[in-house]
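Peer 1: pasting the sequence and the predicted model now:
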Amino acid sequence: MTGANGLGDLTTDPDEAQRKMDQWAQGLEDKAQRYAAAQERTEQLRLTASSSDGAVKVTVGADGGVTGLEFGNKARTYPLEELSRQILTTMHQAQAGISSQVAEVMQETLGDEDQETRSLMIGTLRSRFPEIEEEEPPPDDAPPAPPSTDTTQAPRERRHEAPEDEGNSPW
């Protein structure tokens, strides 16, 4: 029978109680080490995507932040608006793989442990970095989209953060 403290009849045999508590403590220590290993491996993740023509290559970390940005020769020929679009699209492509890579690391380091926590974390990553649905490329005989002639700039949105929000990581 288990008592209110969850230790059952451990109080009747002090040596047995000590052994059970040592096992419990060792289990917690082992679990903490597995989680630390998962965190370390996750922090080392880098995902890279390239635009279809090789003009842009973006690398992101598991937090979605850009860790590398490279341009191929073709990038020199793009108008700035198109280059910006290529950068953002390629960044989103790299970020789209974050949730599956983190899930793989968690499976390898934690096994089937804490499924509820894992599901919550992976669900959060999937909502932040959704999979990208492949767009149908335009037919080869389709005329190219006309270049933008709008030279006005939209006003920049100002973002005000409360001082207590500074430095908070989404992790």
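Peer 2: Received the coordinates, thanks. Fair warning: this is a prediction, and the values are worked out from it, not measured in the lab.

Peer 1: now do the buried residues in the longest helix along the chain.
Peer 2: Assignment by DSSP state H gives helix 14-44 as the longest helix of the chain. Buried residues in helix 14-44, defined by neighbour count with 16 or more other CB atoms under 10 Å: 34-35, 38, 41-42. For the C-beta atoms, the positions are set from N, CA and C on the backbone; glycine is no exception.

Peer 1: next: stretch 70-90.
Peer 2: With the criterion 16+ other CB under 10 Å, stretch 70-90 contains buried residues 71, 75, 78, 83, 86-87, 89-90.

Peer 1: re earlier: and after the longest helix of the chain, which helix or strand comes next?
Peer 2: Elements were assigned by DSSP states H and E; along the chain past helix 14-44, the next helix or strand is strand 46-50.

Peer 1: who does that following strand pair up with?
Peer 2: Here strand 46-50 has these sheet partners by DSSP bridges: strand 56-61 (antiparallel).

Peer 1: just the C-alphas of the partner strand, formatted as PDB.
Peer 2: Presented in PDB, the C-alpha positions along strand 56-61 are these (Å, rounded to 0.1, in the frame of the first residue of the first chain):
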ATOM      1  CA  VAL A  56      20.500  32.500 -52.100                       C
ATOM      2  CA  LYS A  57      21.600  30.000 -49.400                       C
ATOM      3  CA  VAL A  58      20.400  30.400 -45.800                       C
ATOM      4  CA  THR A  59      21.400  28.500 -42.700                       C
ATOM      5  CA  VAL A  60      19.300  28.600 -39.500                       C
ATOM      6  CA  GLY A  61      19.700  27.200 -36.000                       C
END
